[in-house]
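Q: Build me a model:
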Amino acid sequence: MGLFRLGRSRLVFCACLLITGYFVYSAGIDAFRSKQLGDERDQAAREVAQLEDKKAYLEAVRDYVASDAYVEQQARRQFGYVRSGEVPFVVISPALQQEEQPAGDWWQRLFPR
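A: The predicted structure follows:
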């Protein structure tokens, strides 16, 4: 009877050990997933902030392009518009080398920050 009792207590101890191990494993997996989701949320927040900055920049460019100042600037550049009383002149600069071409989207090249 003592041997059976000793085996039963070992069985209960092993069952408790397995249940405790499962809970520790489950808590570890949950903590890992929670950290991973937090990191993804932080990355998404940074991406949203970058996109909001880009949106604000593009809206500012849109507003500038719609302004009279931009229209006058383009008329001066492309069509040689000169107001009465102004003296026109042309600045000639050397051509850019191929590797010196600015990078980025067309609106970033057209309206550098």
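Q: How many residues are close by the closest residue to residue 111 other than its chain neighbours?
A: In space, and not counting its chain neighbours, residue 111 is closest to residue 61: 5.0 Å by CB to CB, 6 or more residues apart in numbering. For the C-beta atoms, the positions are set from N, CA and C on the backbone; glycine is no exception. The number of residues packed around residue 61, counting by other CB atoms under 10 Å, is 15.
Q: Check the one 4 residues further on too.
A: Residue crowding around residue 65 was assessed by other CB under 10 Å; the count is 14.
Q: Please apply the same query to the one 5 residues further on.
A: Residues contacting residue 70 under the criterion other CB under 10 Å number 14.
Q: which residues sit in contact with it?
A: By CB atoms under 8 Å, 6 or more residues apart in numbering, the contact set of residue 70 is residue 64.
Q: so which helix or strand takes in it?
A: Residue 70 is located in helix 68-79, with elements delineated by DSSP states H and E.
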